[in-house]
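Participant: next input, structure requested:
(one chain, ligands or ions: 1)
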Amino acid sequence: MKAPAAPAVLAPARAAPAVLAPARRSAYDLTLEDLRSLSALVGQPAYRARQVWDGLHRRALRPSEMTDLPLALRARLTEELPAALREAARRTADGGDTLKWLWELHDGRTIETVLMAYPARATVCVSTQAGCAMGCAFCATGQGGFGRNLTTGEIVEQVVAAVRASRPRRVSNVVFMGMGEPLANYDRTWAAVRRLHAALGISARRLTISTVGLVPGIRRLAEEPLPVNLAVSLHAANDALRDRLVPMNRRYPLEALAEACAAYVARTGRRLSLEWALVEGTNDRASDMAELADFARPLGAHVNLIPLNPTPGFALRGSSPARVAEAREELERLGVNATVRSTRGARIDAACGQLAARARGGAARRPGAARSAVVGPAPVR
Ligand code: SF4
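Facilitator: You can find the predicted model right below:
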């Protein structure tokens, strides 16, 4: 049974009623000001709201775990600050170093989050939308269509879940590369960036927003005060091929995309990453690498080559490891820095949308690749 959809943004509560009732949505949708108005905290000492805020964010605690609060208050907060993410499935791979969740939201929609652990730190890949409207040719999420934008709290709560799961490792990096197009949910995505930076203490330089190339969003991002990393899912550097692989290219073709990227780099001084999922015989030829180099060089961009994640039942295949290595060498010869991204969790439906597609009733009909498909290290370090 599905609960009614939550309003898009919580209005700041001035009175006593429980802010989160009646729909289940995230405690992380509340501002500190909202917390102060939460009925459980009305009448409490003034410092309590800050205490709860720090507990939720810096300490990544559930209300029931905030042992510095009176027991009765913990109980009330547990009622009034329910989790928005209900774990519907989880998969692990790479000896436990890769963990992928399928979360069910209050309205029955599902999203995915991936946690990738490294020796001294961890990276989390978060979703910004339930489903996606971009329709990239080889993406399982795109195949499922668009559901809705996530709220800021639903995005932040994914990171908090990862922080809890990765202990004692610190989550140092967050990549907005999961389900959905972050710049199509701009305001909430940016609010999540600000929250992660200010309340969880994650450096803006360790936050990466990925896009298929929404030019107005890139231009807007360039004006923001926090210097986050930008990763563009390119996958083709001629309009004819990119029109097919990434339909948004018909609206914002390569020339406009290159101009917006150049403006971003000039304005922020941040290095740009270009994501390129290598598809055998489609975009992995020497001519494709030459076109990619011509696009990347003037932007001073770093290229992440991503072997396509295997998905049963789809004709296109990822390039062979040998071809991937050659492609990287060709780019280096052409004066472009390139890295081969590790395909973390290839055996656990790691490509964006695959786990959700399986949960919907069967394997994705098309391979999830694109920017969000492969879980690997954050693109820009
Ligand atoms: S690759 Fe990303 S932008 Fe494209 S359809 Fe999939 S989730 Fe959407």
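
Participant: please make it C-alpha for all contacts and neighbour counts, starting now.
Facilitator: OK.

Participant: and the residue nearest to Val114 when sequence neighbours are not counted, which of the three is it?
Facilitator: Among residues not flanking Val114 along the chain, Lys100 sits closest, at 4.3 Å (C-alpha to C-alpha, 6 or more residues apart in numbering). Lys100 falls in the strand class when you classify it by DSSP: H, G, I helix; E, B strand; the rest coil.

Participant: okay, helices next: where are they in the stretch 251-381 of the chain?
Facilitator: Along the stretch 251-381 of the chain, the segments classed as helices by DSSP state H, counting those that start in this stretch run 254-268, 286-296, 321-333, 354-361, 370-373.

Participant: pick out the residue of this structure closest to the ligand.
Facilitator: The ligand sits closest to Gly142 of the chain, with a gap of 3.6 Å, by C-alpha to the nearest ligand atom.

Participant: counting by contacts, list what the strand or helix carrying that residue packs against.
Facilitator: Assigned by DSSP states H and E, Gly142 falls within helix 140-144. Where contact means 3 or more C-alpha pairs under 8 Å, 6 or more residues apart in numbering; DSSP states H and E, helix 140-144 is packed against strand 129-131, helix 354-361.

Participant: buried residues of the helix or strand that that helix is followed by, list them for me.
Facilitator: For helix 140-144, the succeeding helix or strand toward the C-terminus, using DSSP H and E, is strand 146-149. If you call a residue buried by 16 or more other C-alpha atoms under 10 Å, then strand 146-149 has these buried ones: 146, 148-149.

Participant: so what touches the helix or strand following strand 146-149?
Facilitator: Scanning forward in sequence from strand 146-149 by DSSP H and E, the next helix or strand is helix 152-166. Contact partners of helix 152-166, identified using C-alpha atoms under 8 Å, 6 or more residues apart in numbering, comprise 25-30, 57, 60, 84-85, 113, 115, 117, 122, 124, 126-128, 170-171, 174, 188-189, 191-192, 195-196.

Participant: in helices, which of those residues appear?
Facilitator: Counting by DSSP state H, the part of these found in helices is 188-189, 191-192, 195-196.

Participant: neighbour count added to the residues you listed, as CSV?
Facilitator: Listed next are the ones in helices among the contacts of helix 152-166 as CSV, based on neighbours: other C-alpha atoms under 10 Å:
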residue, neighbour count
Arg188, 24
Thr189, 26
Ala191, 17
Ala192, 23
Arg195, 19
Leu196, 22
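
Participant: what is the nearest of the residues you listed to Phe138?
Facilitator: Lowest distance from Phe138 to the ones in helices among the contacts of helix 152-166 (C-alpha to C-alpha) belongs to Thr189, with 24.0 Å.

Participant: that closest one touches Leu183, doesn't it?
Facilitator: Yes - counting by C-alpha atoms under 8 Å, Leu183 is a contact partner of Thr189 at 7.4 Å.

Participant: follow-up on the earlier one: would you format the ones in helices among the contacts of helix 152-166 as a markdown table with distance to the ligand and pLDDT included?
Facilitator: Below are the ones in helices among the contacts of helix 152-166 laid out as a markdown table (distance: C-alpha to the nearest ligand atom, whole Å; pLDDT from 0 to 100):
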| residue | distance to the ligand | pLDDT |
| --- | --- | --- |
| Arg188 | 16 | 97 |
| Thr189 | 14 | 98 |
| Ala191 | 20 | 97 |
| Ala192 | 18 | 98 |
| Arg195 | 23 | 98 |
| Leu196 | 22 | 98 |
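
Participant: pull the most distant pair out of those.
Facilitator: Every pair in those was compared (C-alpha to C-alpha); the two farthest apart turn out to be Arg188 and Leu196, at 12.2 Å.

Participant: quick one: the residue nearest to the spatial centre of the chain from Arg36, how far?
Facilitator: With distances taken as C-alpha atoms, centre = their mean, the residue of the chain nearest its centroid is Phe176 (2.6 Å). Counting by C-alpha to C-alpha, to the nearest Å, the gap from Phe176 to Arg36 is 30 Å.

Participant: Val324 now?
Facilitator: Remark: distance between Val324 and Arg36 (C-alpha to C-alpha) = 54 Å.

Participant: of the two, which one has the most company?
Facilitator: Set Val324 next to Arg36 and count neighbours by other C-alpha atoms under 10 Å: Arg36 wins out with 26 against 22.

Participant: for that one, which non-adjacent residue is spatially closest?
Facilitator: Per C-alpha to C-alpha, 6+ apart, closest to Arg36 is Ala49, 5.4 Å.

Participant: and the spatially most distant residue from the centre of the chain, helix, strand or coil?
Facilitator: Distance to the chain centre peaks in the chain at Gly43, reaching 38.2 Å (criterion: C-alpha atoms, centre = their mean). What three-state DSSP gives for Gly43 is coil.

Participant: quick one, phi psi at it?
Facilitator: Torsion angles at Gly43 (phi, psi; degrees, to the nearest 10) stand at phi 90, psi -10.

Participant: relative to His106, how far out is it?
Facilitator: As judged by C-alpha to C-alpha, Gly43 and His106 stand 30 Å apart.

Participant: next one: Ser127
Facilitator: Taking C-alpha to C-alpha, one finds Ser127 at 16 Å from His106.

Participant: which of these two has more residues huddled nearby?
Facilitator: Taking other C-alpha under 10 Å, Ser127 and His106 do not tie; Ser127 has more neighbours (28 against 21).
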